[in-house]
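**Student:** pasted the sequence and its predicted model underneath.
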2 protein chains.
Amino acid sequence: MNADIRRPPTGDRPGILDVAALAGVSPATVSRSLRGQSKVAPETRQRVLDAARELSYVASPQASGLASGRTRAVAVVVPFITRWFFSTVVAGVTDVLRESGYDVILYHLGSAADRDRFFERMPLARRVDGILTLSMPLTDEHTLALRALDIPLVSVGSPVPGVPSVRIDEIAAAQTAVNHLIHQGHERIAFIAGVPDDPDFGFVSSELRHHGYRLALEAAGLSIDDNLSVAGPYGLDGGGIAMAQLLSGSVLPTAVFAEYDELAMGALWALRRAGLAVPHQMSVVGIDNHEMSQLMDLTTVAQSPHTQGTTAAHLLLESLASPTSTPPPEVVLPTHLVLRATSAPPFRRTAARKRR
Amino acid sequence: MNADIRRPPTGDRPGILDVAALAGVSPATVSRSLRGQSKVAPETRQRVLDAARELSYVASPQASGLASGRTRAVAVVVPFITRWFFSTVVAGVTDVLRESGYDVILYHLGSAADRDRFFERMPLARRVDGILTLSMPLTDEHTLALRALDIPLVSVGSPVPGVPSVRIDEIAAAQTAVNHLIHQGHERIAFIAGVPDDPDFGFVSSELRHHGYRLALEAAGLSIDDNLSVAGPYGLDGGGIAMAQLLSGSVLPTAVFAEYDELAMGALWALRRAGLAVPHQMSVVGIDNHEMSQLMDLTTVAQSPHTQGTTAAHLLLESLASPTSTPPPEVVLPTHLVLRATSAPPFRRTAARKRR
DNA sequence: ATCATCAATGAAAACGCTTCCACGAAGAAT
DNA sequence: ATTCTTCGTGGAAGCGTTTTCATTGATGAT
């Protein structure tokens, strides 16, 4: 019991020394006890725990991080936190990581400028133990910058070569949606994309879904009309804008496949404005099963962002625990068609003429 | 130029010593130069900057935090990140704070259990320089725990005594919505609340909006029927559930005021299911001007969560800069009625009978 | 010329932990 | 009994910065 030689460090918050003094042990033992680590006599540990609680001691993350080389924090890099998909993924991620005692530092990188500045200054250098990127459109430069950090990285949505990832089969999901329309008898099916006005954003999912759309059409022997593939800005508005573009074409499609539900909803809005009946005159299908989709009776291909979030978090925790597991796991989560009221067989003005 | 005696610290990332060596100065000067601080010769600073860039040196936040006592991080405590309101506030907050070089640590505290655990262990102790709480229903105990931290705190949505806050005038917003209905001639106006199933959650806004609702009715000389105030769970579903409850009452209201748009949308959905025409047979008004409200043509009282986020962030930055400014600022942001298609004068079956 | 002043810089002491290493005391093995 | 482990603990060296204080020329005032 010689630990009470020292006085409390600086007047403020209790330090590990105070706990050590109160428990009558060395700071080393306090540290060990508090982290439920090895070699501490149960009785000693209890004494330390009591002392810590009495002083309501909380170890300085800074100091322990500096000493241990770990930060107990994870960066979550997300382009648009306000989008349903992303906020839901983030919710899943935080729920899992909090359980494991990791803090989540949120990096909201909406614009290309944001991203460039971010990757240039690399504020994560020694700030986090791991990184989770959500559907981030990373340039090679960005990827390199991340790699240089040499810490575990998990990607949700967009595959990054050599990095564990969680995603859905974008192509298959798109095919599911389009096949559904084809089976209903649609032959002129439009595609609506919604991409950030950001020049170099290039959501991977957008391209893949478009690809799935084309594959499905081809497989059904339908011709592909590039005029039927339109894009609007990212988000709700984009759907309306893109739909307006379709509505101003020379020949209307009978169905629209929107690459995600928010676009589909925007499209529904435009159709209502335009006085076209859904699904009678126009079928609309999306991807997501956005929480609003039920309200709008939108036929869609469901995915679960929350599960993607929890899965990604678990993957990251694994990487954190054991540095290298080759090959990097790639989890592909299932999707399924949800039938609702915005899709129906096309209304054929002159059934005879259209049938071939 | 005696600084090259020391070797790089530990093999890994460059440390301040490496930069010092490369620039031929002392670590002290590097530290000063890099933070654009006082007294450094311009030429020297440039040399340091170049060296730092060449090594792509990034100071360890841990170490600098430990040494300086500042973390350059802010905690954002939010109950439901997936709700439009919260995600939008968070977006506003992060956009401002990133500009000032602060990291945002997200604490997602959905359930009472989460909150209790959080406030008990107080993981923010030395982790952040400031805290932003979004519509958190804090018990006195929680508030005390936060106060004990003795770091700047800003509250959005729910007022915490003695703490700077940003909010809207909940009562006035509710009155705006209800007055609108009253002016349209409605006399039986229902109130729909949506509260977490969490026993002790008690959103302050909910109570205040309910109060505004009653005030408006009283001011108009309308009787208050407690059967017309119903509550459902928090979120979209709640609106439908609450509406169903109203629809199963003995006498229907002619209008419904939902305390926020997501509830209103849920109510709209239930009404559609029930076959009641909106606004012909039932008017619906919400609060928020949720991004989906336009799509649903929902009459609502608009508020701007993004502005609330940016405002709160600025308030926090001020507190961070100058410890005490008395009295704590309380910013009340404006709201305004947005007229859309879900509200209209009541359809009177027998106009004579109902008129008094 | 001489001394006080000041700008620019370096040396070194924190900051509050973690963890390696050493050490003594028990118990196990011989 | 004696030596070998193992267990529980303390001492002390970092971890990578910031910051105080001292130092050194140089500048301006007397």
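**Tutor:** The structure has been received and is ready for your questions. Numbers count the residues shown, from 1 in each chain, chains lettered A, B, ... in the order given.
**Student:** please make it C-alpha for all contacts and neighbour counts, starting now.
**Tutor:** OK.
**Student:** list the contacts of residue A:81.
**Tutor:** A:87, A:108, B:87, B:88, B:90, B:91 (C-alpha atoms under 8 Å, 6 or more residues apart in numbering or on different chains).
**Student:** neighbour-wise, which of those leads?
**Tutor:** Sorting those by how many neighbours each has (other C-alpha atoms under 10 Å in any protein chain shown) puts residue B:90 first, at 30 neighbours.
**Student:** select from the contacts of residue A:81 every entry located in strands.
**Tutor:** Among the contacts of residue A:81, the members falling in strands (DSSP state E) are residue A:108.
**Student:** which among the contacts of residue A:81 gets closest to residue A:177?
**Tutor:** Taking C-alpha to C-alpha as the measure, residue A:177 lies nearest residue A:87 of those, at 23.9 Å.
**Student:** pull the contacting residues for that closest one.
**Tutor:** A:81, B:81, B:82, B:87.
**Student:** contacts for the strand or helix carrying residue A:263?
**Tutor:** Using DSSP states H and E, residue A:263 sits within helix A:261-274. Applying C-alpha under 8 Å, 6+ apart, the contact partners of helix A:261-274 are A:192-194, A:235-244, A:257-258, A:277-278, A:284-290, A:293, A:296, A:298, A:300, B:295-296.
**Student:** the strand or helix carrying residue A:190: what's the following helix or strand?
**Tutor:** Element membership of residue A:190 [criterion: DSSP H and E] is strand A:189-195. Counting by DSSP H and E, the next helix or strand C-terminal to strand A:189-195 is helix A:204-219.
**Student:** name the nearest residue to the closest residue to chain B within chain A, sequence neighbours excluded.
**Tutor:** As assessed by C-alpha to the nearest C-alpha, chain B sits closest to residue A:105 within chain A, at 4.4 Å. Spatially, and ignoring its direct neighbours in sequence, residue A:105 is nearest to residue B:105 (4.4 Å; C-alpha to C-alpha, 6 or more residues apart in numbering or on different chains).
**Student:** hmm, residue A:103 and the one you found touching each other?
**Tutor:** Yes: if you go by C-alpha atoms under 8 Å, residue B:105 and residue A:103 touch, sitting 6.7 Å apart.
**Student:** looking at the contacts of helix A:261-274, which are in helices?
**Tutor:** Among those, the members falling in helices (DSSP state H) are A:236-244, A:293, A:296, B:295-296.
**Student:** of the residues you listed, which is the nearest to DNA strand D?
**Tutor:** If you rank these by distance to DNA strand D using C-alpha to the nearest atom of the strand, residue A:236 comes first, at 43.2 Å.
**Student:** relative to residue A:259, how far out is the closest one?
**Tutor:** 12 Å (C-alpha to C-alpha, to the nearest Å).
**Student:** can you name the residues of the stretch 1-150 of chain A that neighbour DNA strand C?
**Tutor:** Contact residues (C-alpha under 7 Å from any atom of the strand) of the stretch 1-150 of chain A with DNA strand C: A:9-10, A:14-17, A:27-32, A:35, A:58-60, A:63-68.
**Student:** now, which of these lie close to chain B?
**Tutor:** Subset of those in contact with chain B: A:58, A:59, A:60, A:63, A:65, A:66, counting by C-alpha under 8 Å from any C-alpha of the partner chain.
**Student:** dump those residues into CSV; add distance to DNA strand D, neighbour count and secondary structure as well.
**Tutor:** Below are those laid out as CSV (distance: C-alpha to the nearest atom of the strand, whole Å; neighbours: other C-alpha atoms under 10 Å in any protein chain shown; DSSP: H, G, I helix; E, B strand; the rest coil):
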residue, distance to DNA strand D, neighbour count, secondary structure
A:58, 17, 19, coil
A:59, 13, 19, coil
A:60, 11, 19, coil
A:63, 6, 17, helix
A:65, 7, 20, helix
A:66, 4, 19, helix
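**Student:** who has more neighbours, residue A:236 and residue A:259?
**Tutor:** More crowded of residue A:236 and residue A:259, by other C-alpha under 10 Å: residue A:259, with 31 against 24.
**Student:** which SS state does the residue of chain A closest to chain B fall under?
**Tutor:** strand (DSSP: H, G, I helix; E, B strand; the rest coil).
**Student:** specify the beta-bridge partners of the closest residue to residue A:343 other than its chain neighbours.
**Tutor:** Nearest non-adjacent residue to residue A:343, counting by C-alpha to C-alpha, 6+ apart: residue A:283, 4.4 Å away. Legend: beta-bridge partners of residue A:283 under DSSP bridges are residue A:255.
**Student:** now do the one 4 residues further on
**Tutor:** Beta-bridge partners recorded for residue A:287 (DSSP bridges): residue A:301.
**Student:** residue numbers of the stretch 1-150 of chain A in contact with chain B?
**Tutor:** Close to chain B, as judged by C-alpha under 8 Å from any C-alpha, the stretch 1-150 of chain A has residues A:58-63, A:65-66, A:81-82, A:84, A:87-88, A:90-91, A:94-95, A:103-108, A:121-123, A:125-127.
**Student:** same thing but 6 Å
**Tutor:** A:60, A:62, A:66, A:82, A:87, A:88, A:104, A:105, A:106, A:126 (C-alpha under 6 Å from any C-alpha of the partner chain).
**Student:** now the stretch 151-300 of chain A
**Tutor:** Within reach of chain B by C-alpha under 6 Å from any C-alpha, the stretch 151-300 of chain A has these residues: A:269, A:295.
**Student:** measure how buried residue A:213 is and give me the count.
**Tutor:** Neighbour tally, residue A:213, other C-alpha under 10 Å: 28.
**Student:** ok, now which ones touch it?
**Tutor:** Taking C-alpha atoms under 6 Å, 6 or more residues apart in numbering or on different chains as the criterion, residue A:213 is in contact with A:174, A:175.
**Student:** swap in 7 Å and give it another go.
**Tutor:** By C-alpha atoms under 7 Å, 6 or more residues apart in numbering or on different chains, the contact set of residue A:213 is A:174, A:175, A:178.
**Student:** any buried residues in the helix or strand hosting the last one, and which?
**Tutor:** So that's residue A:178. In the assignment (DSSP H and E), residue A:178 maps to helix A:170-183. For helix A:170-183, the neighbour count (16 or more other C-alpha atoms under 10 Å in any protein chain shown) marks A:170-182 as buried.
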